[in-house]
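Undergrad: I would like the atomic coordinates for the input below:
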Amino acid sequence: MKEALFVLIDEYADWEPALLAAGLRRGFGLWEPRYSVRTVAPGSSPVISIGGFRTMPDYTCDNAPDDFAALILIGGTDWFGSGAAAVLPLVRRAIAIDAVLGAICDASVFLGAHGFLNAVNHTSNGLGYLQEKAGAAYTGETIYRHDAPSVRDKKIVTANGAGFIDFAMDVLDALEAAPREKLDMFSTMYKQGLYPA
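TA: Next up is the predicted model:
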């Protein structure tokens with residue numbers, strides 16, 4: 001199985017990766033899983049989520065594998081801190097090997113602050129917020145999407161902090177993890193709280 005790497009920083013938003021990780025690793029009983037899930041952090045110490053979960057990372061940014069299917073940056077309150085800079089080489093690696101690159105909430109702002117969103121359709125936590133936090137490196141305002149909680153442009157997926165269900169579905173689709181009808185079933189199940197018949 002190819003690996004999907006989830007980047008977690010201190011005070012990461014623990015609800016944002018949950019559905020995507022479970023969909024990749026277990027398929028919710030709707031499809032056969034084809035990916036393994038591994039976590040990456042700037043250092044080797046446990047990272048603490050906003051909700052207080054302690055996660056021991058599988059890799060650090062320095063020893064993450066060179067080959068992976070996806071790099072998923074999970075939002076949190078520290079994407080503007082010094083630890084986030086350690087993630088940049090992994091982002092560049094993901095683009096170089098044509099892996100799926102996903103970023104949700106403030107992780108999407110991190111991509112904007114480093115110029116990665118200037119040529120792809122994208123979204124984030126509001127255009128004004130993105131412009132303020134990303135600064136002069138961000139020039140993609142004309143292709144910012146206000147109308148969607150998650151936006152996929154080829155292999156780059158961005159989402160706002162409330163769009164974690166759509167984000168999961170877009171990343172799963174980008175990875176061809178399941179047939180489209182199964183993904184639609186997945187979306188309905190979690191948005192409406194109804195199990196399929």
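Undergrad: Now for residue 129: which residues touch it?
TA: With Cβ atoms under 8 Å, 6 or more residues apart in numbering as the criterion, the residues that contact residue 129 are residue 109. Where you see a C-beta, it was placed from the backbone N, CA and C, and this is true even at glycine.
Undergrad: can you map out the helices along this protein?
TA: Taking DSSP state H, the helices of the chain run over residues 18-25, 88-96, 106-113, 127-134, 164-174, 180-192.
Undergrad: for the second one, the distance to its chain's centre please.
TA: When you say that, I think you mean helix 88-96. In terms of Cα atoms, centre = their mean, to the nearest Å, the centre of helix 88-96 is set 14 Å apart from its chain centre.
Undergrad: again with the fifth one
TA: Put simply, helix 164-174 sits 9 Å off its chain's centre (Cα atoms, centre = their mean).
Undergrad: Now do it, average pLDDT.
TA: Confidence over helix 164-174 (mean pLDDT, whole number) is 97.
Undergrad: out of the helices of the chain, nearest to residue 140?
TA: Evaluated with Cβ to Cβ, these place helix 106-113 nearest to residue 140, the distance being 7.0 Å.
Undergrad: I'd like the average pLDDT over the closest one.
TA: In the prediction, helix 106-113 has an average pLDDT of 98.
Undergrad: Can you give the contact residues for that helix?
TA: Contacts of helix 106-113 with the rest of the structure, by Cβ under 8 Å, 6+ apart, involve 7, 73-77, 79-80, 84, 87, 91, 101, 103, 117, 122-125, 129-130, 133-135, 137-138, 140, 158-161.
Undergrad: hang on, isn't residue 7 packed against residue 88?
TA: No - here residue 7 does not reach residue 88: they are 11.0 Å apart, not a contact under Cβ atoms under 8 Å.
Undergrad: more neighbours, the two?
TA: In this view residue 7 and residue 88 are compared by other Cβ atoms under 10 Å, and residue 7 has more residues nearby, 30 against 13.
Undergrad: The closest residue to residue 109 other than its chain neighbours: neighbour count?
TA: Across the structure, with Cβ to Cβ, 6 or more residues apart in numbering as the measure, the residue nearest residue 109 apart from its sequence neighbours is residue 133 (4.8 Å). The local packing of residue 133 (other Cβ under 10 Å) involves 17 other residues.
Undergrad: rewinding a little: can you lay out the helices of the chain as TSV showing distance to residue 147?
TA: Compiled in TSV, the helices of the chain are given as follows (distance: least, Cβ to Cβ, whole Å):
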stretch	distance to residue 147
helix 18-25	22
helix 88-96	26
helix 106-113	16
helix 127-134	12
helix 164-174	12
helix 180-192	17
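Undergrad: any idea which of those helices is most buried?
TA: Among the helices of the chain, judged by mean count of other Cβ atoms under 10 Å, the one packed with the most neighbours on average is helix 106-113 (a mean of 27).
Undergrad: Confidence-wise, which helix or strand of this protein is lowest on average?
TA: Within the chain, confidence by mean pLDDT, DSSP states H and E is lowest for helix 180-192 among all helices and strands, at a mean of 90.
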